[in-house]
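Novice: Based on what follows, work out the 3D shape:
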Amino acid sequence: MKTLHILGEITKARGGPVAALRGILEATSAPPFQNSVLCADMPGEELSMPDGVAIHRFPLSFPARFLRSAAALRWLNGHRHEFDLVVIHEIWPLLVLQAGVLLARSNIPMVVIPHNSLDPFDLEKKKQIKRILGHCFVRRMLQGTSVVLAATGREAARFQLFGASPPTGVLPLSVPDNVSGGDRMAFRRRFGIGERERVALFFGRLDPKKGVDLLLRAAADMEGSAPAFRLVIVGGGREACEREIRALAASLFSKDSVVFTGFLSGPGRADAFAAADVFVLPSRYENFGIAVIEAMHAGVPALVSNQVFLTDEAVRADAVQLCEPGVGSVVRELRALLESSDRCGVLRGNGARFARGFLPETLAPQTRDCFLKYARPNRSPL
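Specialist: Purely as a prediction, here's the structure:
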């Protein structure tokens, strides 16, 4: 079954949608699936994809800042009937919007996984242009789609569909365990962290919605009082946002009080989790929370905002410590977690069990059945 996945870019800077794509590709890596990816050719390091996936990259065209690619659209127009199913990831790049309208007009089976792009929180960003594009492109694309899939029930309940009425559903994201078994001391030596220092880890894209500023202010409020810890920020983002975060840290702390590592990949990712005593994600909004599952895979107790939608299920499993996306709440819950080895032990055990439910091999049957259900019936091998 030939499946084409479409998104704006596959660079690491794009964050969650690219990581989610990789998990889906791993879950559908076995026959009968033959996966391809269509995206723009963007500067920056790309996230590696599973073996056997064909990547079709095309240059941007005017207006490039909206990720439009005339070459990608021409390629799709010539090859669209070769695919049994097309999976649209994210919404707003013009490459994706124009492709979606073309596919809807051509009656090609299409699944849309918006990765938070249809949430009211996200729609507030660049509100006017999204309103225009929503009525010109998104409604037409969604009217022609087989199903719109959320990663969590809360995301599905918040979908804004611009007047379209497609079927909706929930398909949890696959999160492989690529982070366990890291070298705790190798990471600490690399970044000048003492063997006995406690480490609170943020791991993710530097974006305002992630609440890194809240974590920095919380850590500054806790500085000089017990329990002492070192804050480590792993990840990067768009240049302007990263510059703002680093400037805030410089204004709140003395030199080297906060460790910024930039993007890490391969063994460096596993080493970062191994070096951590707690993981903190105080997001203002998060439709899933891939890094939360990764922390659980690595055995790191997780403190997570109640605006991370995954917490609806994780709290029932007692797999996370919950906070609100505010400085006071982060201070209170982080202090409580650092002071309680017993609570950390509970979260490690429950978190590991909870995370196993999101492994690609666990979710593969559900993911495969979902895609086979919506594939072109007269060409599906089943």
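
Novice: Could you count how many residues lie near F121?
Specialist: Residues contacting F121 under the criterion other C-beta atoms under 10 Å number 14. Every C-beta, even on glycine, is put in place using the N, C-alpha and C of the backbone.

Novice: mind checking how far it is from P325?
Specialist: Taking C-beta to C-beta, to the nearest Å as the measure, F121 falls 11 Å from P325.

Novice: Quick check: neighbours shared by these two?
Specialist: Counting by C-beta atoms under 8 Å, 6 or more residues apart in numbering, the common neighbours of F121 and P325 are R284.

Novice: ok, and what's touching the longest strand along the chain?
Specialist: Longest strand of the chain, by residue count under DSSP state E: strand 34-40. Contact with strand 34-40 is made by 1-10, 21, 25, 28-29, 49-50, 52-60, 67, 69, 72, 75-76, 83, 93, 95, 99, as judged by C-beta under 8 Å, 6+ apart.

Novice: Sheet partners, orientation included, of the helix or strand that it is followed by?
Specialist: Using DSSP states H and E, the helix or strand that follows strand 34-40 in sequence is strand 54-58. Using DSSP bridges, the strands paired with strand 54-58 are strand 34-40 (parallel).

Novice: List the ones among the contacts of strand 34-40 that fall in strands.
Specialist: With strands defined by DSSP E, the entries of these inside them are K2, T3, L4, H5, I6, A54, I55, H56, R57, F58.

Novice: Show me the helices in the stretch 1-150 of the chain, by range?
Specialist: Using DSSP state H, counting those that start in this stretch, the helices found in the stretch 1-150 of the chain span residues 16-27, 70-79, 94-105, 120-123, 127-133, 139-143.

Novice: Just to be sure, L322 is in a strand?
Specialist: Yes. L322 sits within a strand when classified using DSSP: H, G, I helix; E, B strand; the rest coil.

Novice: quick one on the thing from earlier: between the ones in strands among the contacts of strand 34-40, which sits nearest H297?
Specialist: H5 (23.8 Å; C-beta to C-beta).

Novice: For that closest one, grab the count of nearby residues.
Specialist: When neighbours are counted by other C-beta under 10 Å, H5 registers 24.

Novice: does V86 really touch A104, like I thought?
Specialist: No. Contact criterion C-beta atoms under 8 Å: V86 and A104 do not qualify, at 10.0 Å.

Novice: who touches both of these two?
Specialist: Counting by C-beta under 8 Å, 6+ apart, the contacts common to V86 and A104 are M110.

Novice: who has more neighbours, those two?
Specialist: Neighbour comparison, V86 and A104: the larger count goes to V86, with 29 against 18 (by other C-beta under 10 Å).

Novice: Across the sheet, point out what pairs with the more buried one.
Specialist: Under the criterion used (DSSP bridges), V86 bridges to L4, M110.

Novice: Now for it: which residues touch it?
Specialist: Neighbour list for V86: T3, L4, H5, I6, R80, A99, L103, I108, P109, M110, V111 [criterion: C-beta under 8 Å, 6+ apart].

Novice: repeat for F279
Specialist: Per C-beta under 8 Å, 6+ apart, neighbours of F279: A200, L201, F202, F203, F273, A291, V292, A295, V300, P301, A302, L303.

Novice: if I look at it, how far off is A249?
Specialist: Distance of F279 to A249, given as C-beta to C-beta: 18 Å.

Novice: and if you look at P59?
Specialist: For P59, the distance to A249 - C-beta to C-beta - is 36 Å.

Novice: These two: which has the busier surroundings?
Specialist: Legend: neighbour count by other C-beta under 10 Å for P59 and A249, higher for A249 (20 against 12).

Novice: Buried residues, the helix or strand where that one lies. List them.
Specialist: Using DSSP H and E, A249 sits within helix 239-252. Buried residues in helix 239-252, counted by 16 or more other C-beta atoms under 10 Å: C241, E242, E244, I245, L248, A249, L252.

Novice: Leaving out sequence neighbours, find the closest residue to F354.
Specialist: A319 (3.9 Å; C-beta to C-beta, 6 or more residues apart in numbering).

Novice: so who does the nearest residue to S165 once chain neighbours are set aside touch?
Specialist: Spatial nearest neighbour of S165, chain neighbours left out: Q143 (7.6 Å); criterion: C-beta to C-beta, 6+ apart. Residues near Q143 by C-beta under 8 Å, 6+ apart: A104, A164, S165, P166.

Novice: So what's the predicted local confidence for the third one?
Specialist: The pLDDT attached to S165 in the predicted structure is 96.

Novice: For R356, which of the helices of the stretch 1-150 of the chain is the nearest?
Specialist: Using C-beta to C-beta, these put helix 16-27 closest to R356, at 14.1 Å.

Novice: Show which residues not belonging to the closest one make contact with it.
Specialist: Here helix 16-27 makes contact (C-beta under 8 Å, 6+ apart) with 5, 7, 9-12, 35, 37, 47-50, 53, 87, 89-90, 113, 115-116, 151, 173-176, 205, 287-288, 290, 360-361, 363-364, 367-368.

Novice: starting at the chain centroid, how far to it?
Specialist: Here helix 16-27 is found 9 Å from its chain centre; the criterion is C-alpha atoms, centre = their mean, to the nearest Å.

Novice: avg pLDDT for that helix?
Specialist: Mean predicted lDDT for helix 16-27 stands at 88.

Novice: Present the contacts of V86 as CSV; the columns should include distance to D221 and pLDDT.
Specialist: Shown next, in CSV, are those (distance: C-beta to C-beta, whole Å; pLDDT from 0 to 100):
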residue, distance to D221, pLDDT
T3, 49, 97
L4, 49, 98
H5, 43, 98
I6, 44, 98
R80, 55, 96
A99, 47, 97
L103, 50, 97
I108, 53, 94
P109, 52, 96
M110, 48, 97
V111, 45, 98
